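Colleague: What follows is a predicted protein model with its sequence.
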Amino acid sequence: MATQLSFDLPSKTALGREDFFVSPANALAVAMISATSWPGNKLVLSGPAGSGKSHLAHVWAAETGGRIVQAVDLQYEDVPELAQSPVAVEDVPLIADDPEQQKTLFHLHNLILADGRALLMTGRAAPNLWHLPLADLQSRVEGAHHVALEAPDDALLGAVLAKLFTDRQLNPGPDVIAYLVKHMNRSFETAASMVAELDRVALDEKRDITRSLAVRLLNTEAEQSDTRD
């Protein structure tokens, strides 16, 4: 078997449409991102960390000529320029404690829709759980069409793991992903942390990423979890 060489290289996330694996857990979200228009020209995309919200936002922006901005980076003076194109605002719930940024998003929302352009907003929870203190903004968020990315099925979890390894320029043994899908905690965050830990240990120990290494790390994680409990 060819030896896998380990280098401490930065990972580069692939964000093209061809890099997004479609399964029943995300097919509806993909269909909505691909739609030529949305009810009221606005859409809320929700899902847990690592589920693909940002990836889909980048796909949508690339295909519509839209721009992407983090909610926490919104500046009131930038709104007129932002509103000249479709806009994706990511992680909106993170501004729940910032009245000025909520006012800025409210202004952006109204200006974009008044000009007939599209607004995409993302957050982990469903929009009725964003609890934005600016009532006018919260009501408009809840008035948007909403689609959720669901917890991963086997096919999606396997594809996510494969992509995470590829982003880090890693080539695990062929049975590693199958083992992880069967035995790991089924969440996108766990997938990301497990791939990062496999990368770190393989680099430290100058070894391949194999099934035996995956078994070892999962057993260690289980033991630590039992200790915490």
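Modeller: Ah, there it is.
Colleague: drop to CA atoms for contacts and neighbour counts, all remaining ones
Modeller: OK.
Colleague: Any stretches of this structure with poor pLDDT?
Modeller: 1-20, 225-229 (pLDDT under 70).
Colleague: Show me the strands in it, by range?
Modeller: 42-46, 67-70, 87-90, 119-123, 145-148 (DSSP state E).
Colleague: TSV for the ones you listed, including mean neighbour count and distance to residue 104?
Modeller: Below are the strands of the chain laid out as TSV (neighbours: other Cα atoms under 10 Å; distance: least, Cα to Cα, whole Å):
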stretch	mean neighbour count	distance to residue 104
strand 42-46	25	17
strand 67-70	17	12
strand 87-90	25	12
strand 119-123	25	14
strand 145-148	20	21
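Colleague: Distance check, the nearest residue to residue 172 once chain neighbours are set aside against residue 200.
Modeller: Distances taken as Cα to Cα, 6 or more residues apart in numbering place residue 209 nearest to residue 172, at 4.9 Å, with adjacent residues excluded. Applying Cα to Cα, to the nearest Å, the value for residue 209 to residue 200 is 10 Å.
Colleague: ditto for residue 48
Modeller: Counting by Cα to Cα, the gap from residue 48 to residue 200 is 24 Å.
Colleague: And for residue 117?
Modeller: Residue 117 is 44 Å from residue 200, by Cα to Cα.
Colleague: out of these two, which sits in the more crowded spot?
Modeller: residue 117 (19 against 14; other Cα atoms under 10 Å).
Colleague: which residue sits closest to that one, ignoring its sequence neighbours?
Modeller: residue 86 (5.4 Å).
Colleague: need the contact list for that neighbour.
Modeller: By Cα atoms under 8 Å, 6 or more residues apart in numbering, the residues touching residue 86 are 61, 64-67, 112, 117-119.
Colleague: how does it look with 10 Å?
Modeller: 41-42, 60-61, 64-68, 112-113, 115-120 (Cα atoms under 10 Å, 6 or more residues apart in numbering).
Colleague: One more: residue 187?
Modeller: 48-51, 151-153, 157.
Colleague: can you rerun that using 8 Å?
Modeller: Residue 187 neighbours (Cα under 8 Å, 6+ apart): 151-152, 157.
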